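Enquirer: sequence and computational prediction follow.
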Amino acid sequence: MGANEDQEMELEALRSIYEGDESFRELSPVSFQYRIGEDGDPKAFLIEISWTETYPQTPPVISMNAFFNNTISSAVKQSILAKLQEAVEVNLGTAMTYTLFEYAKDNKEQFMENHHPGNSTPTPANNIVSVETPSTAPSSKKKDKKEQLSKAQKRKLADKTDHKGELPRGWNWVDVVKHLSKTGSKDDE
């Protein structure tokens, strides 16, 4: 089987295993996040795994750069990533995303033993930590956010427009007529 067939099979398996699991998030067909720990747990952390084009023959990119992890020191992040990298080397050549997430869940307490949430400060932007293979990381594409309108704004806009979303002819004439009636038009002379 080729790398793409292996990835398709693993993607299908991950979707069925984690269906309904709020901790799992599929960012794209080759990038996944998993929150280790419950909501509100000060020792919870987020792992992001991105597959390279030749995964599982080559290691995936494992990252802890998510904003969720900003209270974890870079030393703790490096320690977690080093332990996950050891698991990657053991499982190289096989589907390992599920294995890595489960390994992190099983060893959460050991991973976070040096994390002290009470006195930690957010990690500065220059302390971004990730493990990746050179020049094989997938490119991340950011989508432009659309302007969000409130319900009242949407209603007002819908009332002004016709079924095609266009303003009716002469919608602003009322303002012109009011203005002319107050100032007087040239025809009145």
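Expert: Arrived safely.
Enquirer: low-confidence ranges in the chain?
Expert: By pLDDT under 70, the low-scoring segments of the chain are 1-3, 117-147, 157, 163, 165, 167, 171-172, 185-189.
Enquirer: which stretches of it form strands?
Expert: Secondary structure of the chain (DSSP state E): strands at 24-28, 31-36, 45-50, 61-63, 130-131.
Enquirer: buried set for the first one?
Expert: The one in question is strand 24-28. Under the neighbour-count criterion of 16 or more other Cβ atoms under 10 Å, strand 24-28 has Phe24 buried. To be clear about C-beta, it is placed using only N, CA and C from the backbone, and glycine gets the same treatment.
Enquirer: what packs against that strand?
Expert: helix 3-17, strand 31-36 (3 or more Cβ pairs under 8 Å, 6 or more residues apart in numbering; DSSP states H and E).
Enquirer: relative to Ile62, which of these is closest?
Expert: strand 31-36 (10.6 Å; Cβ to Cβ).
Enquirer: got the angle for that closest one vs strand 45-50?
Expert: Angle, strand 31-36 to strand 45-50, by axes from the mean of the first three to the mean of the last three Cα atoms, to 10 degrees: 160 degrees.
Enquirer: what pairs with strand 31-36, parallel or antiparallel?
Expert: Next to strand 31-36 in the sheet, as set by DSSP bridges, lie strand 24-28 (antiparallel), strand 45-50 (antiparallel).
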